[in-house]
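Undergrad: got a structure for you, letters missing:
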């Protein structure tokens, strides 16, 4: 038996123990967006550092102004490329809690009608389950062969779900320590449950939150209705005016830097047999929204969007309350593509919003960190090695896909540390990440661990 | 000393005791819009029935499907008209609680920098303070003269702030008992702190609440953004499309039945010296919103409006959450004038909303009771008597005014019991009803009691 086969056999034999460790991590309530959960975030970091240290990767918890980082190193002294593995231990908030079938922080394994098993918990897929596939692969490798096949650095952050405010300063301050030959990032999905994938295009993101204020207090809508400004209407007008009748975004200059995808790429994507009807049907919808005249995958991966993630103003309780509220709120995120500039888009958005604010009202902006979109180099040597490893494990060619979501770290690695990223992940479209009843297929976890062992093995080959 | 002068002197002498009783009522948390407060609503009804019985008005608490009514009677056997006094013991919710300077259900008397005193509590003005002006006037009259100067029936309801669902069936079932010659309604305002007023035009109201549903769960805005419908955007489009660029409401047929006010009435109102700048300035605003080309009082009293009293969808917590929510909500109220038909307007609104719902989304409507607008008869004999009584008390001619808010009961009295209403109230524009720190001027309470004694005295004169 070759050494990789022995590593894979060990992974299979130790799957239950791997699951126990994952469950320990899933139980930690490391919600980064809510300051009330700062302590569990630190707990997750400390748990990970201890875990790495335990398997022979020298690791430490590193403070930031926000939630801490975990950094680990193991020098193998081998000739292959030095890789940095990145993951995040923080998770999204869990509301609405009443839609969860079990406690989001008490992971359970559920058997589905078709016999397949899923791990249900907040963070099961995004990103605790995914990052643990690499940790467990490293563990099996070291336990079986006494070492890793190449030099490995590990970086776990705890602010991915809240815009990674500490990441830039941390990369800046630890540039030498963290600059490697290649980054491995496990925060993406497979094409489907049978087909592995490597993500080669990622949308960027920029967010903003607005508070529109009118009267200095809530008003009676009978006494003041029609005369006083109503922030609910102002915010609604702002939202409604962002799209034209063809689904295009109206901000001046918004499409600057958007690049049409070459026909050859569109053809490759058409061969993937993507069905927008199935994609939407899975969540109870039927018809694609958005820009007219675009192919579905083109739309999801290569076109910019704006979504209102939250809006609120006035009375939300039972029954009615005839008020004109003093203020109304909305949270926006733009997904960016090509060379769109997050700063310019935020500027254009703010100018637009200001133009919609009546002279006796005000608007306050609460900025979110932005990041541009990213396209990977198709000729990157590691890409072919990654595809080979995935084909060996899954028995199917890995799809080269785009991604609607953002992984800002990939841009940061490229721009700040000069490092390309290989984006391999084992999530699935129905994982309900960011939603109630988030899950990760047991197959994703198990074959994910095996995949990383194979990727390390391939990358180590000269 | 005439008997009315003795009654007035007794009112002055007993003001402190009157205030104590008002405070007892204000302490009861009778919020009718929230089912959690059903018990305090009943407590308020029982408190009032006991109070009326104590002063010699035969009273009882009468069950309904919702909060109970209080009905009281006292036959004087005098020749004058039999009057029915109406008020409501229920109050609006108190949120946002953090903006209250004192507990909304622990009434306090505050002295302002100018030396004037105000009663601060939820319901101080709307409508507990106002209804107690009549109860205390009746008490003084009976205590001083042994009787009331005319037959009096009293009706207090507990659902005014939630659309009075039990009122129609109750009036229907008790038509004979409640049909009198004239209704007295104390739920309105003075023109200003020195000038009493009788309200002769009231806007009607119809409300609706919508829940727009898209996907069967919250979605990740990166994965689904641009492809899946976002209920926040749908609701915003619905709200934004309700007005055109001139502030007119766009629903087909909406202005059917809206009547332009005669020039003579506009002139009378111009003499009131109303300043829209001051009116809006008091709440921190400057410029009138709404239909272009209308005089301010014309706008507030005689033009129909629509206001969104509440809207919400998606994430409202701290930080960001990149979701497309499964549903979004909005609460609407239309203020009606002239002969606008609430049912037709609700139909037009719903047809409009449905036309804005994408084919794979749904909308649910939660209806609110509607009521048409009302114009009182300027030639009504009681009107002149009421004006005389108010002039005697306040030393100034009472203004005949319109009202932006709705008092549906007045229409019900007219249509169901054939009874005109005299709308006299002592509220002021800065009472902050429905808002935090609601107050009622001590002068309004004291001179309000005196005013009702005078009104009863005038009405009793042949």
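TA: Noted; the coordinates are in hand. All figures in this text were calculated on a predicted structure; none of them were measured in a lab. Residues are numbered from 1 along each chain as shown, chains lettered A, B, ... in the order given.
Undergrad: and residue A:331, what does it touch?
TA: A:207, A:208, A:209, A:308, A:309, A:310, A:311, B:314, B:315, B:320, B:321 (Cβ atoms under 8 Å, 6 or more residues apart in numbering or on different chains). (C-beta placed from N, C-alpha, C; glycine too.)
Undergrad: out of those, who's the most crowded?
TA: Of the contacts of residue A:331, residue A:311 is surrounded by the most neighbours, 30 neighbours in total, counting by other Cβ atoms under 10 Å in any protein chain shown.
Undergrad: would you confirm that that one contacts residue B:311?
TA: Yes. At 6.5 Å, residue A:311 and residue B:311 qualify as touching, with contact defined as Cβ atoms under 8 Å.
Undergrad: did I read that right, residue A:307 in a strand?
TA: Yes. Assessed with DSSP: H, G, I helix; E, B strand; the rest coil, residue A:307 lies in a strand.
Undergrad: residues in contact with it?
TA: A:332, A:333, A:335, B:221, B:225, B:226, B:230, B:232, B:233, B:322, B:324.
Undergrad: ditto for residue A:133
TA: A:186, A:426, A:444, A:445, A:448, A:449, A:451, A:452.
Undergrad: neighbour count and secondary structure added to the residues you listed, as TSV?
TA: Listed next are the contacts of residue A:133 as TSV, based on neighbours: other Cβ atoms under 10 Å in any protein chain shown; DSSP: H, G, I helix; E, B strand; the rest coil:
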residue	neighbour count	secondary structure
A:186	25	coil
A:426	29	coil
A:444	26	helix
A:445	24	helix
A:448	27	helix
A:449	27	helix
A:451	27	helix
A:452	27	helix
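Undergrad: before we move on, the earlier item: overlap in contacts of residue A:311 and residue B:311?
TA: A:235, A:328, B:235, B:328.
Undergrad: so the last one, which of the three states?
TA: What it means is residue B:328. Under three-state DSSP, residue B:328 comes out as strand.
Undergrad: surely it and residue B:215 touch.
TA: No. Contact criterion Cβ under 8 Å: residue B:328 and residue B:215 do not qualify, at 11.8 Å.
Undergrad: of the contacts of residue A:133, which ones also sit close to chain B?
TA: With Cβ under 8 Å from any Cβ of the partner chain as the criterion, these include none near chain B.
Undergrad: pLDDT added to the residues you listed, as CSV?
TA: What follows is the contacts of residue A:133, written out as CSV (pLDDT from 0 to 100):
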residue, pLDDT
A:186, 94
A:426, 97
A:444, 98
A:445, 98
A:448, 98
A:449, 98
A:451, 98
A:452, 98
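Undergrad: is it possible to get a markdown table of those that adds distance to residue A:376?
TA: Shown next, in a markdown table, are the contacts of residue A:133 (distance: Cβ to Cβ, whole Å):
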| residue | distance to residue A:376 |
| --- | --- |
| A:186 | 15 |
| A:426 | 19 |
| A:444 | 22 |
| A:445 | 25 |
| A:448 | 20 |
| A:449 | 24 |
| A:451 | 18 |
| A:452 | 19 |
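Undergrad: which bits of the stretch 101-250 of chain A sit near chain B?
TA: So the stretch 101-250 of chain A meets chain B at A:161-163, A:203, A:205, A:207, A:209, A:214-230, A:232-233, A:235-241, A:243 (Cβ under 8 Å from any Cβ).
Undergrad: go with 6 Å
TA: When proximity is defined as Cβ under 6 Å from any Cβ of the partner chain, the stretch 101-250 of chain A approaches chain B at A:162, A:207, A:215-218, A:220-223, A:225-230, A:232, A:236-237, A:239-240.
Undergrad: got the contact list for stretch A:93-112?
TA: Residues outside stretch A:93-112 that contact it (Cβ atoms under 6 Å, 6 or more residues apart in numbering or on different chains): A:23, A:26-27, A:29, A:31, A:33, A:117-122, A:436-437, B:321.
Undergrad: and if you look at stretch A:275-291?
TA: By Cβ under 6 Å, 6+ apart, the list of residues contacting stretch A:275-291 reads A:247-248, A:296, A:299, A:303, B:215-216, B:226-229, B:359-360.
Undergrad: let's see 8 Å
TA: Counting by Cβ under 8 Å, 6+ apart, A:246-248, A:296, A:299, A:303, A:305, A:429-430, B:214-217, B:219, B:224, B:226-230, B:358-361 sit against stretch A:275-291.
Undergrad: repeat for stretch A:123-130
TA: By Cβ under 8 Å, 6+ apart, the list of residues contacting stretch A:123-130 reads A:22, A:25-26, A:30, A:87-89, A:91-92, A:107, A:118-119, A:160, A:186-187, A:425-428, A:431-434, A:438-440, A:444-445, A:448.
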